[in-house]
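Colleague: Need coordinates for the following:
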Amino acid sequence: SNSVAELTICLMLDLLRQVVPLHCKVEKGLWPRYMGTEIKNKTVGLIGFGAIARLVVKKLKAFDAKILAYDMYPNEELARNLGVELTDFETVIQNSDIISVHIPATSETYHLFGKDVFRRMKEGAYFVNTARGALADLDALADSLSSGHLAGAAIDAFEKEPLSEDTPILKCENVILTPHTGEETKEAYYNISMKTAGDIVKVCK
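Modeller: Residues are numbered from 1 along each chain as shown. Take a look at the predicted model:
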């Protein structure tokens, strides 16, 4: 959970400050001037309020962001303790500067973020998905990015992996795509291995 939460914050920062795109331009001998934006005082909307989302909240608090969240099974007490405003789905998508998705992929959530939902998001908002690829319609997202309605997006999970070369979103310049690397940290693999080994010992006993 922590590894995915950290990647989520990393992607938010990269979207707002264009770290990787600027690095690529400097590598080419360019010295561009870019006016980024800060997380401070922005409204971050979380779709889902489970373990990963709660870790994202704890890390975001250091940036002085306002946090909204929607969850099908809301934990009001935990939200209050973390300073999160639990609200409905529409309020989150219409009022957030950054939306981060943290829900499972089910028949009910398949392409939850499609053309209509992207259209209802704030103009100039950012979309981050480190959860499941099936939650977002990539082609609809590509259209929203190309039209300029959304300022940027960062995606770590896809319906079909790896992406084919003709995937429309690959042509978008305002997107960050990572190869489903959210849980790929040394610490995560160590913790998973130790937990697994410990459970095997318990079963054997």
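Colleague: In stretch 53-71, which residues are buried?
Modeller: For stretch 53-71, a neighbour-count test (16 or more other CB atoms under 10 Å) marks 53-57, 60, 65-71 as buried. No exception for glycine: its C-beta is placed from N, CA and C like everyone else's.
Colleague: can you tell me how far L82 sits from P104?
Modeller: Using CB to CB, to the nearest Å, L82 is found at 21 Å from P104.
Colleague: related to what we said a few turns ago, just the buried residues of stretch 53-71: which are in strands?
Modeller: 66-70 (DSSP state E).
Colleague: which one of the buried residues of stretch 53-71 sits closest to A125?
Modeller: Closest approach to A125 among these (CB to CB): L68, at 12.4 Å.
Colleague: Now do the contacts for the closest residue to T87 other than its chain neighbours.
Modeller: For T87, ignoring the flanking residues on the chain, the nearest one in space by CB to CB, 6 or more residues apart in numbering is L68 at 5.7 Å. Taking CB atoms under 8 Å, 6 or more residues apart in numbering as the definition of contact, the neighbours of L68 are 43-46, 84-87, 91-92, 95-96.
Colleague: What of V101?
Modeller: Listed by CB under 8 Å, 6+ apart, the contact partners of V101 are 47-48, 113, 127-131, 135-136.
Colleague: Tell me which of L82 and P104 has more neighbours.
Modeller: More neighbours surround L82 than the other of L82 and P104, with 17 against 12 (other CB atoms under 10 Å).
Colleague: So what does that one have for phi and psi?
Modeller: Note on L82: its backbone torsions stand at phi -90, psi 0 [degrees, to the nearest 10].
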